[in-house]
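Asker: quick one, what's the 3D model for this:
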Amino acid sequence: MTCSSTRAAASATVRASAAASLEQVVELTPENFAAEVEGAGAGRVFVEFYAPWCPFCQKLEPVWNGLPQKLREANVPTKIARMNVDTYTEDGAAYGVTGCPTLMLFENGAPSGQKTGL
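Answerer: Okay, the predicted model is just below:
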């Protein structure tokens, strides 16, 4: 295997791993928010309200994408989700989001904790 093919294979592995992690993070929209976060049996849901252009959100992204696997390994039943408040501004405002990222923990459909910024 040449150096360039080794690099290409490593790069493909990293991309596949990142894609698999992202699949474990629920992308919230106004259409699925109630079912995923507030619905009966939703349990504990940790939501990141983010904007794609936000440098702090970009810095948090790899950590956020790895969180579902880490929680599963620690046997902590928590769904990890995120909502783009640049696209869904009114939905973020409904939960008092004034800055990005805003991290909010929901337990049984109700907000139980919040942190804005890094």
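
Asker: only C-alpha atoms for contact and neighbour calcs from this point on.
Answerer: Fine.

Asker: strands of the protein, start to end?
Answerer: For the chain, the strands defined by DSSP state E cover 26-28, 44-50, 78-84, 102-107, 110-116.

Asker: just the ones you listed: most buried one?
Answerer: Compared across those, strand 44-50 shows the largest average neighbour count, a mean of 25 (mean count of other C-alpha atoms under 10 Å).

Asker: send the alpha carbons of that one over as PDB?
Answerer: Extracted as PDB, the C-alpha positions of strand 44-50 are listed here (Å, rounded to 0.1, in the frame of the first residue of the first chain):
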ATOM      1  CA  ARG A  44     -34.000  12.000  29.200                       C
ATOM      2  CA  VAL A  45     -33.000  14.000  26.100                       C
ATOM      3  CA  PHE A  46     -30.000  16.300  25.900                       C
ATOM      4  CA  VAL A  47     -30.500  18.900  23.200                       C
ATOM      5  CA  GLU A  48     -28.000  21.300  21.600                       C
ATOM      6  CA  PHE A  49     -29.600  24.400  20.100                       C
ATOM      7  CA  TYR A  50     -27.000  25.400  17.500                       C
END
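
Asker: what sits up against it?
Answerer: For strand 44-50, contacts defined as C-alpha atoms under 8 Å, 6 or more residues apart in numbering pick out 37, 57, 77-86, 92, 97, 100-109.

Asker: how does it look with 6 Å?
Answerer: Contacts with strand 44-50, where a contact means C-alpha atoms under 6 Å, 6 or more residues apart in numbering, come from 78-85, 100-107.

Asker: tell me, how many residues neighbour A93?
Answerer: A total of 12 residues lie near A93 under the criterion other C-alpha atoms under 10 Å.

Asker: what of the one 3 residues further on?
Answerer: Burial measure for G96: 11 neighbouring residues, criterion other C-alpha under 10 Å.

Asker: how close does it sit to T102?
Answerer: According to C-alpha to C-alpha, to the nearest Å, G96 stands 9 Å off from T102.

Asker: hey, which helix or strand in this protein has the poorest pLDDT?
Answerer: helix 3-23 (a mean of 44; mean pLDDT, DSSP states H and E).

Asker: so what's the residue count around A35?
Answerer: 14.
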